[in-house]
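Undergrad: Coordinates for the following, if possible.
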Amino acid sequence: MRVIFQLALRNLKEHKAKTIIIALFILFGTAIVILGNSFIESVNRGLEKDFRANYTGDITISAIPPDNWKVDIFGVDTASLTGEIPQVPALVDLEKVENIIEETDGISQKTRMITAQGILFKGEEIDLTSFMEDDSVSFMDIPIFMMFAGEGDTYFNVFGGQHIVEGRALDYTSGENELLIDTRIRDSFQKFFKKSLDVGDSVLVMGANSNGVIREAKVVGFYTPANIHSAMFQTIYCTPGFARAFAELTYGNLMEETKELSENSLSDVSEDDLFGDDFFSDMIIDETDSFESATLEDYNSILGDTTLRDELNKTDTGAWHFVQAKVSNPDQAQEIINTLNEKFKEQGLDARAMSWKEAGASYTKTVAGINILFNILVIILAVVVFIIIMNTMVVSIMERTSEIGTMRALGAEKKFVKRLFYTEALSITVVSSLLGTILALVIIAIFNRLNITVDSNMIAKVILGGGQIQFSPTPGIIIATVAVVIIGSLLSNIYPVHSALKITPLKALSKGAE
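TA: Below is the predicted model of the structure:
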């Protein structure tokens, strides 16, 4: 083996040009793969750390959605076209769900949450003329936000860390609709509407995913996220009662039985009563009477008793979308999720436990798509590099025909020739991949020190998993990359070596004589 290794090194030195070409391809290919995988790893780690700490917790529990629905903390994603705006379903049997959570080992904290989406306005009317008339503003500037309403102070015990820069935190005992606003939303608002937004202002919120719900609220403070480089969509924290109106968590919407609402339905009216002259005669206003002469009592008499309607439109103070929890050991989160789902199923509860990735699927699926795209690019790069290596080796073997034939004439067996070429390939691959690894680590160290951020572009922040460009190389990434490069290099040498073994001493000597 020592002789083969010495011959391999001598051959590599004698064919410096081809050795350098192959080495450079392997070196840069290794560095690119390590850099790419380290970047993706950084994105995944940053996203996971941010979401688990500040938005989803380690475990999120929701109602089981219909088959064609995907529900996370950002709302409902569905391909169903029913004409209605789908809303996140409320958890039923909440007490039973929480009892199971409390009985499950490993869970350290829990809270409840309601989520909705809204658009912020200031003034007496909803006005979007800025978007239509001002070319300096775009769709991305519209102050759309996620609305998170937690269970009193327990929510901020679980998801604390917001830095209040103006005003104060929410007061859940005030009985008022209060908003704690992300400073990014204020910036968007002021750019879009050309109006100031300050603590103490009364604002209008229109539901972005609700049926025309508009509510008034008071701005009590502005904050910056716990992670200033968070990829999370801009968020407003509010009181639960305020959020329930936009999430349609009213008694009417949450009733399982609606028979009481149809007691006075049209089915109780006969055809004669419905289409006869008498049915409409009471509704016809005398021509001598003006529309303005109608009083409030007249309209109330037409509407009838609205007590039931008013009660059903009240928000259900016990309705919640999610229960979110943190665990003592994050590595055991998936095991606890499986345990909870088994218990929910055993007791027949309409509840499911999700990981942080499922609870934030609207974001994580974007990163997952980028991962797939990157892996495809890596595969294409690897195939191109290995084809180039293979072609280079084939040319090298054609030029070394006489050398191979001489070795065979001197008694070298095919096994010896095969080992020689594979040793050459292995030597150059190992050295080049190690140099590529060193190059990648140097580049990573430089980039991580520069702390490059792209906070001004929201789309880039989502793609990057945050505004900061970072690389997180792991031993697993490096080992896997070097192993794949070595295996790929050896595979790319199969055809060239097979060609070398076909060269007979007679053919080699005759070519050498030419």
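Undergrad: need the strands for the stretch 201-350 of the chain, in chain order.
TA: With DSSP state E, counting those that start in this stretch as the criterion, the stretch 201-350 of the chain has strands at 202-207, 214-224, 235-238, 322-327.
Undergrad: For residue 452, find the nearest of the ones you listed.
TA: Closest to residue 452 of those is strand 214-224 (CB to CB; 19.9 Å). No exception for glycine: its C-beta is placed from N, CA and C like everyone else's.
Undergrad: follow-up on the earlier one: can I get the strands of the stretch 201-350 of the chain in JSON lines including mean neighbour count and distance to residue 165?
TA: Listed next are these as JSON lines, based on neighbours: other CB atoms under 10 Å; distance: least, CB to CB, whole Å:
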{"stretch": "strand 202-207", "mean neighbour count": "19", "distance to residue 165": "18"}
{"stretch": "strand 214-224", "mean neighbour count": "18", "distance to residue 165": "6"}
{"stretch": "strand 235-238", "mean neighbour count": "24", "distance to residue 165": "14"}
{"stretch": "strand 322-327", "mean neighbour count": "24", "distance to residue 165": "25"}
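Undergrad: would a markdown table of these with distance to residue 249 and mean pLDDT be doable?
TA: Rendered in a markdown table, the data for the strands of the stretch 201-350 of the chain read as follows (distance: least, CB to CB, whole Å; pLDDT from 0 to 100):
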| stretch | distance to residue 249 | mean pLDDT |
| --- | --- | --- |
| strand 202-207 | 12 | 90 |
| strand 214-224 | 13 | 93 |
| strand 235-238 | 13 | 93 |
| strand 322-327 | 12 | 95 |
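Undergrad: Dump those strands to JSON lines, plus distance to residue 111.
TA: Compiled in JSON lines, the strands of the stretch 201-350 of the chain are given as follows (distance: least, CB to CB, whole Å):
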{"stretch": "strand 202-207", "distance to residue 111": "23"}
{"stretch": "strand 214-224", "distance to residue 111": "18"}
{"stretch": "strand 235-238", "distance to residue 111": "13"}
{"stretch": "strand 322-327", "distance to residue 111": "6"}
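Undergrad: which stretch among the ones you listed comes nearest residue 354?
TA: strand 322-327 (9.1 Å).
Undergrad: The closest one pairs with which strands, and in what direction?
TA: The strands beside strand 322-327 in its sheet (DSSP bridges) come out as strand 59-62 (antiparallel), strand 107-121 (antiparallel).
Undergrad: Pick the most buried one from the ones you listed.
TA: For the strands paired with strand 322-327, the stretch with the most neighbours on average is strand 59-62, a mean of 27; neighbours defined as mean count of other CB atoms under 10 Å.
Undergrad: who touches that one?
TA: Contacts made with strand 59-62 from outside it, assessed by CB atoms under 8 Å, 6 or more residues apart in numbering, are listed as 71-73, 88-89, 91, 97, 101, 107, 321-327, 333, 336-337, 340, 351-356, 358-359.
Undergrad: Residue ranges in the stretch 251-400 of the chain under the pLDDT threshold?
TA: Per-residue confidence for the stretch 251-400 of the chain (pLDDT under 70) gives these ranges: 251-317.
Undergrad: Who are the contact partners of the residue lying closest to residue 214 once chain neighbours are set aside?
TA: For residue 214, the nearest residue in space outside its immediate sequence neighbours is residue 206; the separation is 5.0 Å by CB to CB, 6 or more residues apart in numbering. Taking CB under 8 Å, 6+ apart as the criterion, residue 206 is in contact with 118-119, 121, 126, 212-214.
Undergrad: Please tell me how far residue 206 sits from residue 373.
TA: Distance of residue 206 to residue 373, computed by CB to CB, to the nearest Å: 36 Å.
Undergrad: And for residue 401?
TA: Using CB to CB, we find residue 401 at a distance of 43 Å from residue 373.
Undergrad: quick one, which of those two is more surrounded?
TA: Summary of the neighbour comparison: residue 401 and residue 373, criterion other CB atoms under 10 Å, with residue 401 having more neighbours (18 against 10).
Undergrad: just to revisit the earlier point, show the buried residues in the contacts of strand 59-62.
TA: 71-73, 88-89, 91, 97, 101, 107, 321-327, 333, 336-337, 340, 351-356, 358-359 (16 or more other CB atoms under 10 Å).
Undergrad: Looks like residue 208 contacts residue 120 (just checking).
TA: No: taking CB atoms under 8 Å as the definition, residue 208 is not a contact partner of residue 120, at 10.3 Å.
Undergrad: ok, the spatially closest residue to residue 477 that is not a sequence neighbour - contacts?
TA: Leaving aside its chain neighbours, residue 477 sits nearest to residue 37 (4.6 Å; criterion: CB to CB, 6+ apart). Contacts for residue 37 were tallied using CB under 8 Å, 6+ apart; they are 473, 477, 481.
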